[in-house]
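Asker: coords please:
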Amino acid sequence: MSVQNSTAQPLTFLRRGQPVTLPAVPPDRTLLQVLREDLHCTGTKEGCGEGDCGACTVVLGEAVDGRLQLQAVNACIKLAHSVQGQAVFTVEDLAVDGQAHPVQEAMVQCHASQCGFCTPGFVMSLFALYEHTGGGQGVDHAAAQAALSGNLCRCTGYRPILDAAARMGQLPCPAGARVDEAAVLRGLRTLGQPDPEAPYQRPASLQALLQARAAHPEAQVVAGTTDVGLWITKQHQRYPRLLDVTGAAELRRVETYPHHIAIGAAVNLTQAYAALVAERPSLAAFAHRFAGLPVRNAGTLGGNVANGSPIGDSMPLLIALGASVVLMRWDTKRRAIAHRELRLEDLYTGYRQNVMRADELLCWIKVPRPSPDECLQVDKVSKRFEDDISAVCLAVKLRIDGGVVREARIGAGGVAATPVRAPLTEAALTGQPWNEDTVMAASAVLRDEFRPISDMRASADYRRAVLGNLLRRHWLAQQGQRGLRLESLDLEALA
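Answerer: Sure thing, here's the model as predicted:
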């Protein structure tokens, strides 16, 4: 049963074309709890409780620039009030008058389910893909694998599920099974807005957001809750007041300027990395390895940076790119927005600690645009290829002219209490000829520049060895020799 307390507030969202209103939902209650316990939608499964297995996947619909945007997310770490005013689709909503949706029918025909526990999550991820592709058209195994990167299966295996993804577009679609975009948008316009003074606040403008922060500096700030959600489900933390940044329209944009792009703190990781890849296509593979798609759809780049986890993959990349952050607050005396800008590497003071004032919010991330002579490589070392946390992440950006390293910027993760820059290694490279001797010397410096710890993901010695090897991999890649001269690499450290 739903836990009632004095901070509970009403929650309204659209489901099956009709508004659903729950009169008293605590601000830190998850969407999965509401679906399973309050609405008895038990088709959505409760698995890991941390956004890792995908059994709880649902699809959210939101009006964006006059169009309906559908995205698969993990309900287990999604706070219920974050879907206020949105449309929620669960596995129970797919069949029409007893006729299976093409996604469901394809799963049956391809024998893609055994125990069935993970199946609803796979179905919902494929449902989002089905809608994105105009009825499952042109879906191959590669597209399906990308869409299913946040879903785990431990009995059937992935081949029949990928076969189902390819087949779903070939099956007839029952009348009414496709999402009626116009009808959903009309329904969304009928939903009311929450009380601006409620315990869970999601202000619609930047000024209102900063004013709310000034009024409630004790509130827990949330964005996609891909981290705070775990504090609730795993650490059993309770938050009587939360401030959600994702409603502020100004912070949901990516803006392009002559010398940089500015990514708003409410831009999700899917869109943020799309903007980064558009500027630097070589980042596409790295972007795909950042978590799974449902996590990227929910989490934000601003939240990832503000959280400051030493194993967060965004920060080493952004540090190497020379990114800066814009911190904002509401100046109550001047009755105006005040802001300051600092380099990303200067944001952090210790483990998950930073220089932000209690009334400040991280609002923008400014990323310099690439130069023609820029050489960039980012490597993530983890136990799983997808949907896994890094043991080590290294980002190296060099500017090479005339065979000499004119500029070097290196960001690293997993080797210190915070994401860090490697100034000693940068100095060892800058002004030196770009050759193997320089790289070998700089690799030795990089191994000794940090004092990583040993934990469940890797030992300290492994991390140090990998750091040096990744810099040497960068050299080999620049020489067009990836995969060659492996005798010079410590293969055990790269395993």
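
Asker: A helix includes Ala166, no?
Answerer: Yes. Applying DSSP: H, G, I helix; E, B strand; the rest coil, one finds Ala166 inside a helix.

Asker: just checking, it touches His141?
Answerer: Yes. The pair Ala166 / His141 is scored as a contact, 6.6 Å apart, by Cβ atoms under 8 Å. C-beta here means a position set from N, CA and C on the backbone, and glycine is covered the same way.

Asker: So between these two, which is more surrounded?
Answerer: Taking other Cβ atoms under 10 Å, Ala166 and His141 do not tie; Ala166 has more neighbours (17 against 14).

Asker: nearest residue to the more buried one other than its sequence neighbours?
Answerer: Leaving aside its sequence neighbours, Ala166 sits nearest to Val139 (Cβ to Cβ, 6 or more residues apart in numbering; 5.7 Å).

Asker: Please report how far the one you found lies from His132.
Answerer: Computed as Cβ to Cβ, to the nearest Å, the Val139 to His132 distance reads 9 Å.

Asker: With neighbour numbers in mind, choose between these two.
Answerer: Neighbour totals were compared for Val139 and His132, and Val139 leads with 23 against 16 (other Cβ under 10 Å).

Asker: is it true that Tyr130 touches Gly136?
Answerer: Yes. Assessed by Cβ under 8 Å, Tyr130 is found in contact with Gly136 at 4.5 Å.

Asker: what bridges to the residue nearest to Ser324 when sequence neighbours are not counted?
Answerer: Once flanking residues are discounted, Ser324 sits nearest to Lys366: 4.9 Å by Cβ to Cβ, 6+ apart. According to DSSP bridges, the partner residues bridging Lys366 are Ala262, Ser324.

Asker: show me the contacts for Lys366.
Answerer: Lys366 sits next to His260, Ile261, Ala262, Ile263, Ala323, Ser324, Val325, Val326, Glu341 when contact means Cβ atoms under 8 Å, 6 or more residues apart in numbering.

Asker: one more time with 7 Å, if that's ok
Answerer: Contact partners of Lys366, counting by Cβ atoms under 7 Å, 6 or more residues apart in numbering, are His260, Ala262, Ala323, Ser324, Val326.

Asker: which sections of the stretch 101-250 of the chain are below the confidence cut-off?
Answerer: Regions of the stretch 101-250 of the chain meeting the criterion pLDDT under 70 are absent.

Asker: let's see it at 90
Answerer: Where the stretch 101-250 of the chain drops to pLDDT under 90, the residues are 154-157, 192-197.

Asker: coming back round to it: compare Tyr130 and Gly136 (neighbour count), which wins?
Answerer: Set side by side, Tyr130 and Gly136 show more neighbours around Tyr130, with 28 against 25, by other Cβ under 10 Å.

Asker: would the more buried one count as being in a helix?
Answerer: Yes. Per three-state DSSP, Tyr130 lies within a helix segment.

Asker: Surely it and Val103 touch.
Answerer: Yes. Here Tyr130 reaches Val103: they are 5.6 Å apart, a contact under Cβ atoms under 7 Å.

Asker: Arg189: neighbour count?
Answerer: Residue crowding around Arg189 was assessed by other Cβ under 10 Å; the count is 9.

Asker: Tell me what the closest residue to it other than its chain neighbours is bridged to.
Answerer: Spatial nearest neighbour of Arg189, chain neighbours left out: Ala63 (7.8 Å); criterion: Cβ to Cβ, 6+ apart. Ala63 has these beta-bridge partners by DSSP bridges: Leu68.

Asker: So Ala63 versus Asp180, what's the distance?
Answerer: Ala63 is 14 Å from Asp180, where distance means Cβ to Cβ.

Asker: before we move on, what about Ala358?
Answerer: As for Ala358, its distance to Asp180 is 46 Å (criterion: Cβ to Cβ).

Asker: Same check on Ala95?
Answerer: 16 Å.

Asker: now do Val405
Answerer: 57 Å.

Asker: Show me which of these two is the more surrounded one.
Answerer: Neighbour tally, Val405 and Asp180, criterion other Cβ under 10 Å: the higher count belongs to Val405, 22 against 12.

Asker: Can you tell me the element the residue nearest the centre of the chain falls in?
Answerer: Centroid-nearest residue in the chain, with Cα atoms, centre = their mean: Arg296, separated by 3.0 Å. Arg296 is part of helix 293-298 when elements are defined by DSSP states H and E.

Asker: Against which helices or strands is that helix packed?
Answerer: Contact here means 3 or more Cβ pairs under 7 Å, 6 or more residues apart in numbering; DSSP states H and E; on that basis helix 293-298 packs against strand 67-74, helix 269-279.

Asker: Could you identify which of the ones you listed is most buried?
Answerer: Highest mean neighbour count among the helices and strands packed on helix 293-298 (mean count of other Cβ atoms under 10 Å): strand 67-74, with a mean of 22.

Asker: What is that one packed up against?
Answerer: Strand 67-74 packs on strand 57-64, helix 119-132, helix 181-189, helix 293-298, going by 3+ Cβ pairs under 7 Å, 6+ apart.

Asker: what sits up against the following helix or strand past the third one?
Answerer: Right, the one you point to is helix 181-189. Next along the chain after helix 181-189, taking DSSP H and E as the criterion, comes strand 200-201. With contacts defined as Cβ under 7 Å, 6+ apart, strand 200-201 is touched by Gln9, Pro27, His81, Ala212, Leu242, Leu243, Asp244.
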